[in-house]
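Chemist: A structural model of the following input is requested.
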Amino acid sequence: MLRRTKIVATLGPATDDLAELDRVIQNGLDVARVNFSHGSRADHERRVREVRERARVHDRYVGVLVDLQGPKIRIEGFRDGAATLADGDSFVLDTRLGPRDGDASRVGVSYRNLLRDVSVGDVLLLDDGNVVMEVTAVVNEAVHCRVINGGHLSDNKGLNRQGGGLSAAALTAKDEQDIQLAAELAADFMAVSFVRDAADVQRARDLLRAAGSRGKIVAKVERAEAIENVEEIIDAADVVMIARGDLGVEIGDAELPGMQKSVIRQARACNRVTITATQMMQSMVDSPQPTRAEVLDVANAVMDGTDAVMLSAETAIGKHPGRVIKAMDRICRGAERQRSTMISTHRIDARFENVEEAIAMASMYTANHFEVRAIVAMTESGATAKWMSRISSGIPIVAMTSQEATLRRVTLYRGVYPIRLDIDDATSAEAEREILDELRRLGFVEEGESVIMTRGELTGVAGGTNSMKILLV
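Modeler: Residues are numbered from 1 along each chain as shown. Model prediction:
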């Protein structure tokens with residue numbers, strides 16, 4: 001049984017060992033995430049080069065997703081590396097303090113507009129909500145607070161305002177430089193952090209296009225403001241990532257499950273791709289196996305219809321990245337055996353926007369109501385395969401193309417498997433024979449089984465899919 005849900009995993013020090021990177025790829029990596037919040041330019045270049053080289057060795061296609069850092073809304077550091085705060089303590093967030101001058105009474109803040117964005121009575125959440133403070137005064141370039149929930153607070157932890165409202169722009173000067181790097185690395189996807197609205201998504205796309213890249217834009221939903229504008233963000237983006245860390249801090253953990261399901265549902269309705277992220281297998285940073293709660297979390301995201309599930313620290317700095325991938329692969333396959341993941345009423349009453357979409361939807365309807373072993377989309381851009389993947393089905397969708405960028409791009413689409421095949425100069429009969437021979441060689445089909453094939457009359461032209469055909473092996 002082929003796994004349909006895709007696995008995104010973050011590269012880092014734990015995957016720098018090539019033997020471990022090989023295990024990650026062999027155990028099921030689909031898309032490698034490169035986090036621009038950590039590491040140098042040389043680190044990013046080396047990791048992208050190595051994951052592509054090792055993927056070729058293992059005859060796999062692995063997409064690359066670069067993740068922009070976004071605005072750095074964090075406290076600075078402490079003289080002793082950390083401080084312990086008790087309930088009721090007074091504590092000051094001081095924009096004038098140096099990067100290592102913090103103590104048990106105050107700490108510096110890298111975000112200079114905090115003074116303008118908060119007022120008396122606001123609740124601030126530090127370190128993903130592990131430490132909670134209420135603002136009591138804003139004076140002399142400092143925010144004075146009373147600790148509500150104390151705890152251990154260490155260097156450079158994140159800072160959020162409960163309910164959102166921090167005015168930091170989604171793209172910083174560093175991000176603009178990193179967008180140029182994303183283009184140079186030929187990244188297949190670029191994630192934009194702390195998106196507020198569609199304008200943030202469009203600005204990132206414009207900058208990426210100006211840098212010479214055709215990569216797809218991933219909008220990270222992690223601000224309260226993003227929830228207010230989620231429909232326009234989904235419409236503007238190619239992919240939506242539900243980044244549950246900061247989002248859960250800003251809207252509250254009780255609201256998070258319903259919001260995750262809602263965003264996945266809305267994105268599918270708009271034919272957009274979704275990634276569910278943050279702490280999915282967090283215990284496996286150290287533990288050799290996941291908790292039952294993590295198993296259920298991953299499985300529920302799969303049954304909700306997410307295209308991909310993502311690993312962060314688990315593979316970037318964890319003790320056994322390859323084992324984490326293997327565990328996630330196993331959980332996804334288990335969830336996909338549930339009948340609900342193979343049944344779809346998506347767009348059953350909708351009108352289609354173009355010929356490509358109509359062919360894709362007709363193919364999936366036929367596949368779900370006729371004895372078909374596989375669906376083959378002859379595609380230049382991958383668009384037909386993406387539309388097909390919006391329909392829940394247990395039937396594999398094979399994206400066949402000669403375009404390297406397309407082969408890597410479809411690695412994020414649920415239920416789509418990339419196969420390289422160059423038949424641009426073949427006649428229709430020759431092309432069909434080559435397609436069926438390749439499917440048999442790879443074990444997708446056997447003699448006597450049926451296959452649906454879609455293609456365009458003008459081979460090699462993007463956006464031209466206009467025919468569907470049923471072939472007998």
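Chemist: residues in contact with D238?
Modeler: D238 is in contact with F189, K216, I217, V218, R272, V273, counting by Cβ atoms under 8 Å, 6 or more residues apart in numbering. Every C-beta, even on glycine, is put in place using the N, C-alpha and C of the backbone.
Chemist: show me the contacts for the first one.
Modeler: Translated: F189. 31, 63-66, 215-218, 238-239, 409, 412.
Chemist: how about 10 Å then?
Modeler: Contacts were defined as Cβ atoms under 10 Å, 6 or more residues apart in numbering; by that measure F189 touches 8, 31, 33, 63-67, 182, 215-218, 238-239, 241, 273, 275, 408-409, 411-412.
Chemist: phi, psi of R330?
Modeler: When read as degrees, to the nearest 10, the backbone of R330 gives phi -60, psi -40.
Chemist: doesn't R3 make contact with it?
Modeler: Yes: contact status for R330 versus R3: in contact at 9.1 Å, counting by Cβ atoms under 10 Å.
Chemist: Identify the contacts common to those two.
Modeler: G28.
Chemist: how does this protein divide into domains?
Modeler: Here the domain parsing of the chain from automatic domain parsing is 6-70+169-336, 82-161, 355-472.
Chemist: mind checking the end-to-end distance for the last one?
Modeler: Distance between the two ends of domain 355-472: 25 Å, counting by Cα to Cα, to the nearest Å.
Chemist: picking up where we left off before, could you tell me which of the contacts of D238 belong to strands?
Modeler: F189, K216, I217, V218, V273 (DSSP state E).
Chemist: could you pull out the strands for the stretch 201-350 of the chain?
Modeler: 216-221, 239-243, 273-277, 308-311 (DSSP state E, counting those that start in this stretch).
Chemist: Filter the ones in strands among the contacts of D238 down to just the buried residues.
Modeler: F189, K216, I217, V218, V273 (16 or more other Cβ atoms under 10 Å).
Chemist: Next, the contact list for the closest residue to the first one other than its chain neighbours, please.
Modeler: Residue nearest to F189 in three dimensions, not counting chain neighbours: L65, with 4.1 Å by Cβ to Cβ, 6 or more residues apart in numbering. The neighbours of L65, taking Cβ under 10 Å, 6+ apart as the test, are 8-10, 31-35, 182, 187-191, 215-216, 218, 239, 241, 275, 308, 310, 411-412.
Chemist: Return the set of residues that bridge with L65.
Modeler: L65 has these beta-bridge partners by DSSP bridges: R33, F189.
Chemist: any idea how far it is from I395?
Modeler: Per Cβ to Cβ, to the nearest Å, L65 is found 27 Å from I395.
Chemist: Repeat that for N27.
Modeler: Taking Cβ to Cβ, one finds N27 at 24 Å from I395.
Chemist: Next: L21.
Modeler: Distance from L21 to I395, by Cβ to Cβ: 32 Å.
Chemist: who's more crowded, those two?
Modeler: L21 (24 against 20; other Cβ atoms under 10 Å).
Chemist: per-residue confidence at the closest residue to the more buried one other than its chain neighbours?
Modeler: Distances taken as Cβ to Cβ, 6+ apart place T15 nearest to L21, at 4.9 Å, with adjacent residues excluded. We have a pLDDT of 98 for T15.
Chemist: Around T15, count how many other residues there are.
Modeler: Neighbour count of T15, defined by other Cβ under 10 Å: 27.
Chemist: any idea which helix or strand carries A137?
Modeler: Following DSSP states H and E, the helix or strand that holds A137 is strand 131-139.
Chemist: Tell me the buried residues in that strand?
Modeler: V131, V132, M133, V135, T136, V138.
Chemist: Need the residues that contact that strand.
Modeler: 75, 83-85, 87, 89-93, 114-126, 143-153, 157, 159, 161-162, 249.
Chemist: so of these, which ones are in helices?
Modeler: L114, L115, R116, D117, V249 (DSSP state H).
Chemist: Just the buried ones from these?
Modeler: Applying 16+ other Cβ under 10 Å to these flags L114, L115, D117, V249 as buried.
Chemist: Export the buried ones among the ones in strands among the contacts of D238 as a markdown table, with columns for distance to N300 and pLDDT.
Modeler: A markdown table is the format used below for those (distance: Cβ to Cβ, whole Å; pLDDT from 0 to 100):
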| residue | distance to N300 | pLDDT |
| --- | --- | --- |
| F189 | 24 | 98 |
| K216 | 26 | 98 |
| I217 | 26 | 98 |
| V218 | 21 | 98 |
| V273 | 18 | 97 |
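Chemist: Make a markdown table out of these and add distance to I435.
Modeler: What follows is those, written out as a markdown table (distance: Cβ to Cβ, whole Å):
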| residue | distance to I435 |
| --- | --- |
| F189 | 28 |
| K216 | 26 |
| I217 | 32 |
| V218 | 31 |
| V273 | 25 |
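Chemist: Please determine how far the most centrally placed residue in the chain is located from S363.
Modeler: What sits nearest the mean C-alpha location of the chain, by Cα atoms, centre = their mean, is I275, with 4.0 Å. According to Cβ to Cβ, I275 and S363 sit 25 Å apart.
Chemist: what residue ranges in the protein are flagged as low confidence?
Modeler: Scanning the chain with the threshold set as pLDDT under 70 gives 343-349, 425-426, 458-463.
Chemist: ok, R330 and R3, which is more surrounded?
Modeler: More crowded of R330 and R3, by other Cβ under 10 Å: R3, with 20 against 16.
Chemist: hang on, that one packs against V416?
Modeler: No: with contact defined as Cβ under 10 Å, R3 and V416 do not form a contacting pair (11.7 Å).
Chemist: that older thread, now for the buried ones among the ones in helices among the contacts of strand 131-139: which two are most distant?
Modeler: Largest separation among those by Cβ to Cβ: L115 and V249, giving 20.7 Å.
Chemist: Please tabulate the contacts of D238 in TSV and include distance to A170 as additional columns.
Modeler: Formatted as TSV, the contacts of D238 follow (distance: Cβ to Cβ, whole Å):
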residue	distance to A170
F189	16
K216	17
I217	12
V218	12
R272	18
V273	20
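Chemist: Going by distance to L171, which of these wins?
Modeler: I217 (11.9 Å).
Chemist: Let me see the ranges of the strands in the stretch 51-200 of the chain.
Modeler: For the stretch 51-200 of the chain, strands defined by DSSP E, counting those that start in this stretch occupy the ranges 63-67, 82-85, 90-94, 106-108, 123-126, 131-139, 142-149, 151-154, 159-161, 189-192.
Chemist: Ok, which of the ones you listed comes nearest T291?
Modeler: Per Cβ to Cβ, nearest to T291 of the strands of the stretch 51-200 of the chain: strand 151-154, 22.1 Å.
Chemist: And the closest one, what does it pack against?
Modeler: strand 82-85, strand 131-139 (3 or more Cβ pairs under 10 Å, 6 or more residues apart in numbering; DSSP states H and E).
Chemist: What is the shortest one packed up against?
Modeler: Going back to what we said before, that points to strand 82-85. Secondary-structure packing of strand 82-85 (3+ Cβ pairs under 10 Å, 6+ apart): strand 131-139, strand 142-149, strand 151-154.
Chemist: tell me the contacts of R41?
Modeler: R41 neighbours (Cβ under 10 Å, 6+ apart): Q177, D178, L181, E184, L185.
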